[in-house]
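kindly generate the corresponding structure for this input.
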Amino acid sequence: MICLPRSDERRLVVSVAAQRAADEAAARHGTPSAALMDGAGTAAAQWMLDNLAMTRVVVLAGPGGNGGDGLVVARRMVEAGVPVRTFVVPPRERLLGASAEMADRLLAAAPQGSVSFASDREMVRSAIEGASHLVDALLGSGLSRPVEGAMADLVDTMNEASCPILSLDIPTGLPSDSGDVLGPTVDADVTLAMAFLYLAHLFYPAAARCGMIVPVDVPYPPAVAASVAATASVLGPAGACLRLPTRSATGHKGTFGRVLVVAGSRGMLGAAVLCCRSALRTGAGLVTLATTESLCGAAASAVPEALTLPLPERDGHVTPDAVDVLTRFSADVLAIGPGLSRSQDVGIVVRETVAAFQGPIVVDADGLFAYNECIDRLRPTADRLILTPHPGEMGRLIGRSPAAVDTERLAVTAAFVKRNGAVLVLKGRPTVVGGPTGVWLNPTGHDGLATGGTGDVLTGLIAGLLAGGMDRENASLLGAYVHGRCADVYAEGFAPRSLTASDLVERIPITLKAIESCA
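Numbers count the residues shown, from 1 in each chain. Modelled structure (predicted):
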């Protein structure tokens, strides 16, 4: 779980190479590595002191910059009057540069005997007993192979501790630039990310080892922070608030947009209902459900706030005659696909309706299935499209396995957007949104979303935001953010595994209220 500061508009996701380039650029702009290290460690220590009951702390510091951050944390704890026992893995003479300077500052401040430059596993284990918190600063970013030997023993010792583990930047043992787990890895309760996020903070299984991820600020010069080469971006609370559509105090139902939802078939009316309810809860002025004639009565009972548009049907699903009805209907936004079924007739209805509609279009579920062997037919309408596939649907569209899509979701999204021009919302953990400004990773949500109907809620959310006047990329970003945040709100009171799609819809109002409060 990523806990971004309330003031964050967005947080950058960077590679190890980009982060190191930022450090080098900071030095050229007059902020040397010692200043960055002191600032990072001080910010991490301050977060700990502000949010945790730090009564007895053990710090394990490694040989590099991550260890230097840990030495700063130890010194700030000493200065705050917190008892600290610090273990530094390399001998003092092997520390270099800023880390050596931080060691000297700690030695000058710490009580005699509280800092050890040589230690064995039993000494560390004994010190951890009775500690309130353990700070992991052994190895930071840049790891490319599994930890082994004495370092692996220390990782095991930390994981055996009964107190919470706070990792600086990234848990020891994790490679930063992927979601892989290579070998022995610290299982952190909290990871304090230094200014930027890494892919390991967001992609699984690595993200599961990070616990709660809290970015802390590092004093990079503004020019450096603005020029960092980011792999992706993450939307923050302030960014979500800024993107919410403004509403006129004198507006009416026409002002706030008309959404046409083409969805539902025999046995799958629920998908259509969830989509419509979600669009309404998000603020759409008028929602019309176009579905088979035989389902209109049940639909009107399930969502009395929505209008219904009966469509000709055969064997429980729409027929090509529905195209004429749909293309004559006036709406601002089209959401098409949830629960439509996958017949040949449905494919014709989807493709011809999408081709004719002139406003923004959200295509999901069975609507995506209509393009499995003719994806090029999407390109003429790409500047109006948002596609919301899960990895299986994406795999069918581009001819790859769901597993391949899931493991390469960042690259798959970027390549698809570049080639086809549509905005893509690739659902999963994390959901990836690709659009004109690049690739974004959604920080909200949990595994409780892996249940039927939640995708239909997302489609309605995005459609409702489009109806409020948002552009395709921002509606997709905010829709994914709200969708996941509704799940997070649910998990504050209930077991995540018990989440249903209806639970999400019921929490849209409180989630939007919380986002509005960031203003």
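
according to the record, where do the domains of the protein fall?
15-231, 252-516 (automatic domain parsing).

got TSV for these, with distance to A240, mean pLDDT and mean neighbour count too?
Where C-beta positions appear, they are placed from N, C-alpha and C, glycine not excepted. Output for the domains of the chain, formatted as TSV (distance: least, CB to CB, whole Å; pLDDT from 0 to 100; neighbours: other CB atoms under 10 Å):
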stretch	distance to A240	mean pLDDT	mean neighbour count
domain 15-231	16	94	20
domain 252-516	5	96	21
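
any chance of these in a markdown table, plus distance to L4?
A markdown table is the format used below for the domains of the chain (distance: least, CB to CB, whole Å):
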| stretch | distance to L4 |
| --- | --- |
| domain 15-231 | 7 |
| domain 252-516 | 6 |
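
what does R379 show for phi and psi?
For R379, the backbone dihedrals (degrees, to the nearest 10) come out as phi -60, psi -40.

can I assume it is in contact with G421?
Yes. With contacts counted by CB atoms under 8 Å, R379 reaches G421, the gap being 6.8 Å.

what's the end-to-end length of stretch 384-404?
This stretch, stretch 384-404, spans 27 Å end to end (CA to CA, to the nearest Å).

same thing with stretch 221-237?
23 Å.

C-terminal to the helix or strand hosting L504, what's the next element?
Using DSSP states H and E, L504 sits within helix 501-506. Heading C-terminal from helix 501-506, the first helix or strand you meet, by DSSP H and E, is helix 508-516.

kindly export that following helix (C-alpha atoms) in CSV.
What follows is helix 508-516, C-alpha atoms only, in CSV (Å, rounded to 0.1, in the frame of the first residue of the first chain):
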residue,chain,number,x,y,z
ILE,A,508,-18.1,6.3,-4.3
PRO,A,509,-19.9,9.2,-2.5
ILE,A,510,-17.6,9.1,0.6
THR,A,511,-14.5,8.6,-1.6
LEU,A,512,-15.3,11.6,-3.8
LYS,A,513,-16.0,13.7,-0.6
ALA,A,514,-12.6,12.8,0.8
ILE,A,515,-10.9,13.7,-2.5
GLU,A,516,-12.8,17.0,-2.6
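
any idea how far R266 is from E293?
E293 sits 12 Å away from R266, going by CB to CB, to the nearest Å.

for G445, give its distance to D488.
7 Å.

sorry, wrong one. I was asking about L199.
Look at L199 and D488: by CB to CB, they are 21 Å apart.

now swap in S248 and tell me
Per CB to CB, S248 is found 30 Å from D488.

do the same with G62
To D488, G62 is 33 Å away according to CB to CB.

re earlier: which helices and strands sit right next to the helix holding L504?
helix 269-281, helix 454-467, helix 472-491 (3 or more CB pairs under 8 Å, 6 or more residues apart in numbering; DSSP states H and E).

tabulate these (CSV), appending distance to A25.
Formatted as CSV, the helices and strands packed on helix 501-506 follow (distance: least, CB to CB, whole Å):
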stretch, distance to A25
helix 269-281, 44
helix 454-467, 37
helix 472-491, 28
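
what about these, which gets the closest to Y220?
Closest of these to Y220 is helix 472-491, at 24.8 Å (criterion: CB to CB).

quick one: that closest one to helix 508-516, angle?
Angle, helix 472-491 to helix 508-516, by axes from the mean of the first three to the mean of the last three CA atoms, to 10 degrees: 110 degrees.

now for helix 472-491, which elements pack on it?
Looks like helix 472-491 contacts strand 232-235, helix 237-243, strand 385-387, strand 423-426, strand 432-435, helix 454-467, helix 501-506, helix 508-516 (3+ CB pairs under 8 Å, 6+ apart).

hmm, 7 Å instead?
Packing partners of helix 472-491 (3 or more CB pairs under 7 Å, 6 or more residues apart in numbering; DSSP states H and E): helix 237-243, strand 423-426, strand 432-435, helix 454-467, helix 501-506, helix 508-516.

surely D406 meets H390?
No. If you go by CB atoms under 7 Å, D406 and H390 don't touch, sitting 9.2 Å apart.

ok, now which ones touch G130?
R56 (CB atoms under 7 Å, 6 or more residues apart in numbering).

V261 pairs with what?
L289, A335 (DSSP bridges).

that one reaches R277, doesn't it?
No. Using CB under 7 Å, V261 makes no contact with R277, being 10.2 Å away.

show me what contacts F203?
178-179.

name the SS class of V181, please.
Classification of V181 by DSSP: H, G, I helix; E, B strand; the rest coil places it in coil.

excluding covalently adjacent residues, which one is nearest to it?
P205 (5.2 Å; CB to CB, 6 or more residues apart in numbering).

for the one you found, grab phi and psi.
Backbone geometry at P205, expressed as degrees, to the nearest 10, gives phi -80, psi -10.

for it, give its distance to T86.
Taking CB to CB, one finds P205 at 31 Å from T86.

ditto for L477
From L477 to T86 the distance is 42 Å (CB to CB).

over to D153?
In terms of CB to CB, D153 sits 18 Å off from T86.

got it, and L334?
61 Å.

check contacts around D217.
43, 195.

just G337 next, same as before
Here G337 is in contact with 263, 350, 363-368 (CB under 7 Å, 6+ apart).
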